[in-house]
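K.L.:
Return a 3D structure for these sequence lines:
(chains A, B and C)
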Amino acid sequence: MIHLQSHQRLFISEDLAGFADHLSNEGTMPRRVDLLLLGFSYAVNNRLSPTEEAKGRELTRVASLGGESQLAVEAVAQWYARSLDSSEFADESELLDFIIRVGVAGVRALKERWEGKSKSQIQWDVMRLASHLKGSSAANNT
Amino acid sequence: MMEAQGTPFDQMASRHDGLLREVSAEYNVDPRLFRQLVDLENTKVHLERRRLVTRQIREIIEQHLSQREQ
Amino acid sequence: MSVHFLKLQVKDWLVYGGQTTVEFAPFQRGKNIVVVHGKNGFGKTSLLRALKFLFHNGYDREGLLEQWHEHAREAGEGSMKIALEFVYQGKPMKLIRKVDFESRNGTTAVTPSVALIDVDSGDLENQVEDKIELIIPKKSQQFVFFDGAEITRYAQRQHDKGIREAIEQVLGIPAVRNLKSDLGKLVNELEDEQAGIVALQGHSQDLLAEIDRLKNEAASYKEQRAGLLDKINGVQRAAEELEKEAAQIVAIATEREQLAAKQERRADYEEQRDQVNDAIKRFLSDAPLHMLTGPLKQIVQEGVAKQEGGSFRRDYYLHVKQYLDRVLENGQWDFGAPIPESTGQDIEREAQRFGELGAGMGTVKRKDINLGDISELKALLRRLQDSGDSQKLMDKRAVYDEKLEEIDKDIRELRAKLAGHPLLEVQALFEQRETLTETEMTLKQDIEALDGNLARVIKEIDDKNRELDEATMGTDLGRPLTETLYTARQLYKVVDAFVDRLVAQKREDIEREATNIFTRITNKPLEYAGIRVKDDYTLEVYRRDGTVVENKKLSAGEKEVLAYSFITSLNLSSPSPAPFVMDTPFGHLDSSHRDGLLQSLPNLPVQVFLLATDRDLPHQERDQVQAFIAQEFEIERNQQEASSTIVQE
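P.N.:
Here you go, the predicted model:
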């Protein structure tokens, strides 16, 4: 399994940067990168296709993900890529690129889903998504 | 114009007898005289009859004084 | 001694056509109730009105024509008459009020007349109206002949000035007050006459002048005194206000305490909610991981399978190679048979193949997940499992949100209540009260000083008057005058003192009597201790602990019972208590008060005439007072004649 390097940088596309700022300012999410992670998880569960480009606004370095999150995302990304029949990653930059593109796809879907919702409504939705899918393997077919 | 003693209408004052005697004694006044005057007023509660009351009171007092001297 | 009715005659009055006579049994204490039953419209109220008319008339010409029974009126001429035989101060008397109607020049002449007869001697009394005033003063009629509506009206208009006058009239006080004012006039007259006599003697002029000066001085002191009294009243009122304010502040102190307690509780709730919020935050940050538990579990399963499966098969391949190598080396199978050369070459090839297979299994591909990562992912999955139920957290937070909302509302309300009150300490108010008390005391001392001066001046006046009297006593003209004057002055002082004491005594009598009646009738005998009559003859109910019941806190029924108690006590405190004639008195009272009232009737020392419908006095209630009923009558109505009569049952 390929692992990311701690100095690598995570991005979010420009059009979603404002959304990420808004959520973290309101306190809906602790950090902007949490939105990206959430997007990633949402995309995986809903079998969304990764977006095309992975350029945009820098969020933070991989190091700030924390060991647990980083490993989980690395493992799931590679597993997800295999399930999409894509070719194996050559190195960690290809892996990172994939993770960002999946994450952005998920964030776009979440932005639509949370249109017009208040902070507590969004948080409530996140809690629901997290507990609903906890332990279920239904959404994850390879 | 006095009624004879003993008819029910002239004995109003006697209902206040105890108090009447007490107060009369304090001022050295004959309680009978006082009672007489109260009875007089009791028969004259209608305003039109009170015009000559001071004269009547005076007469009663004077009569009482002359009787006392005898 | 009270007044008792013996016989009533009614002729052509209102609904009573012709002559109706009712004879009453002699009055007996404890068996004093006379019930007159009658349906509405049959003639109960006509009876009440007959008695009112008998004693005080009150109708003008038109009014009298209206009271005349209609059939008799149709005849155009005749008379109507009410006659009552009764006992007054032990003497049998008869009162007759009659109205003659005569047809004259197309109109009806109306001639009322009244006669009061001493039954024993048969003599006609003079000054009839004055004497009737002594028996039942007009202003006290409402305390003797009344209906339920009257009680209600009285209950509502206690503060009427007319009531006070009526009360004093019942108590015989006006006569005594009149005497005082008349004596005062007489004294002035006599003093003027005395001054006339003194004018003839030169030296006493100075005395007269001195007396005048002293009288003016006395008048000025009296005026000052009145002013000081006003000030004292003002101070007392202000003190009362302060007491009220202090009481309010004490009440507020409680609310302040409540506020503090609620604020503390709020802080607790907030703390607990913060804890829940923190747990939710933690859950939220883990949310992406929670969402990936599915894939992560699969990844772990596969990884474990690969690892475990891989080592098992490799061992097998290597084990077989080892066996084949050993067989080749030994040149024979393990069971002993030799291996021919051609077979040996096959075996060598097979051993090589197994070796390669085994070698291939052992290599962990660079892209596979290793054991270390697997165990880390396993640990993560365990942690996520243990992180708690998000639903429960959200519910808990909702509960705290609600609690906080409620308590915030309470806090807002309490703050609003406390807002209007400045942070005045009760202490400060008490200090103000102290100051007022001191002021009051100073004022009272001033009054005492004034009284001292007044007494001194009055004594001086008395001394001067005595000097003057001595001077005038010496003359033939002056002596009788002076004696009369002296007596009149003394009488004036007597009456002055007498009025005050009489009023006080009467008030006590009324209070006692009213309390007696009230406590028997009230349905709260454990709470209410009695009735107090204030200076202005208004009433207040006080409780056993001494506190006064605010008037507005009394129910309508209670107010009526209060009014009834007062009316009754007034009658009983008057020089000659008269019989009660009550027309449907219970209509407005609730049943518990009604029962109380009925039960109290036998204790009254007068006859009680109850004019009642069946609704007023249902059989059950009537039976309760059966033992106290002296007589019962029924008003019967002849519809054809449109006339009523009264028959004894």
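
K.L.:
residues near the residue in chain C that chain B sits nearest to, how many?
P.N.:
Closest contact between chain C and chain B, by CB to the nearest CB, is at residue C:89 (3.4 Å). Bear in mind the C-beta positions are built from the backbone N, C-alpha and C, glycine included. Neighbourhood size, residue C:89 [other CB atoms under 10 Å in any protein chain shown]: 18.

K.L.:
again, but for residue C:14
P.N.:
20.

K.L.:
same check, this time on residue C:348
P.N.:
Neighbourhood size, residue C:348 [other CB under 10 Å]: 13.

K.L.:
so after the helix or strand encompassing it, what's the next helix or strand?
P.N.:
Element membership of residue C:348 [criterion: DSSP states H and E] is helix C:341-362. Toward the C-terminus, helix C:341-362 is succeeded by helix C:371-385 as the next helix or strand (DSSP H and E).

K.L.:
what about that next one, distance to the chain center?
P.N.:
Between the mean C-alpha location of helix C:371-385 and the chain-wide mean there is a distance of 76 Å, by CA atoms, centre = their mean, to the nearest Å.

K.L.:
That one and chain A in contact?
P.N.:
Yes: residues of helix C:371-385 contacting chain A under CB under 8 Å from any CB of the partner chain: C:373, C:376, C:377, C:380, C:383, C:384, C:385.

K.L.:
Residue numbers of chain C in contact with chain A?
P.N.:
Counting by CB under 8 Å from any CB, chain C sits next to chain A at C:280-281, C:283-299, C:367-370, C:373, C:376-377, C:380, C:383-385, C:389-391, C:393-394.

K.L.:
Which among the residues you listed count as buried?
P.N.:
C:280, C:283-299, C:369, C:373, C:376-377, C:380, C:384, C:390, C:393-394 (16 or more other CB atoms under 10 Å in any protein chain shown).

K.L.:
Show me the contact partners of the longest helix anywhere in chain B.
P.N.:
Secondary structure of chain B per DSSP state H: the longest helix is helix B:53-69. With contacts defined as CB atoms under 8 Å, 6 or more residues apart in numbering or on different chains, helix B:53-69 is touched by B:1, B:30, B:32-33, B:36-37, B:40-41, B:44, C:178-179, C:182-183, C:185-186, C:189-190, C:480, C:483-484, C:487-488, C:491.

K.L.:
and residue A:51, backbone torsions?
P.N.:
Torsion angles at residue A:51 (phi, psi; degrees, to the nearest 10) stand at phi -70, psi 170.

K.L.:
which residues sit in contact with it?
P.N.:
Residue A:51 sits next to A:13, A:101, A:104, A:105, A:108 when contact means CB under 8 Å, 6+ apart.

K.L.:
Now residue C:610: which helix or strand?
P.N.:
Secondary structure from DSSP H and E places residue C:610 in strand C:608-612.

K.L.:
in chain B, which ranges drop under the pLDDT threshold?
P.N.:
B:1-15, B:45-50 (pLDDT under 70).

K.L.:
switch the cut-off to 50
P.N.:
For chain B, applying pLDDT under 50 flags the ranges B:1-5.

K.L.:
Next, please give the residue ranges for the strands of it.
P.N.:
With DSSP state E, there are no strands along chain B.

K.L.:
For residue C:21, pull up the helix or strand it's in.
P.N.:
For residue C:21, the host element (DSSP H and E) is strand C:16-23.

K.L.:
Now do the buried residues in that strand.
P.N.:
Buried, per 16+ other CB under 10 Å, within strand C:16-23: C:16, C:17, C:20, C:22.

K.L.:
What about residue A:4? Give its phi and psi, please.
P.N.:
Torsion angles, degrees, to the nearest 10, at residue A:4: phi -80, psi 160.

K.L.:
and it, what pLDDT?
P.N.:
What the model reports as pLDDT for residue A:4 is 90.

K.L.:
doesn't residue A:97 make contact with it?
P.N.:
No: counting by CB atoms under 8 Å, residue A:4 sits too far from residue A:97 to count as a contact (10.9 Å).

K.L.:
higher neighbour count, these two?
P.N.:
Between residue A:4 and residue A:97, counting by other CB under 10 Å, residue A:4 is the more crowded of the two (21 against 16).

K.L.:
From chain C, how far out is that one?
P.N.:
Counting by CB to the nearest CB, to the nearest Å, the gap from residue A:4 to chain C is 13 Å.

K.L.:
Let me see the contact set for that residue.
P.N.:
A:62, A:70, A:74, A:92, A:95, A:96.

K.L.:
Run through the residues that contact residue 36.
P.N.:
Defaulting to chain A. A:10, A:12, A:20, A:59, A:100, A:103, A:104, A:107.

K.L.:
Oops, wrong one, chain C.
P.N.:
C:44, C:47, C:609, C:610, C:611, C:612, C:632, C:633, C:634, C:635, C:646.

K.L.:
Put together a markdown table for the contacts of residue A:51, with pLDDT and neighbour count on each row.
P.N.:
What follows is those, written out as a markdown table (pLDDT from 0 to 100; neighbours: other CB atoms under 10 Å in any protein chain shown):
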| residue | pLDDT | neighbour count |
| --- | --- | --- |
| A:13 | 89 | 21 |
| A:101 | 94 | 20 |
| A:104 | 94 | 26 |
| A:105 | 94 | 22 |
| A:108 | 94 | 19 |
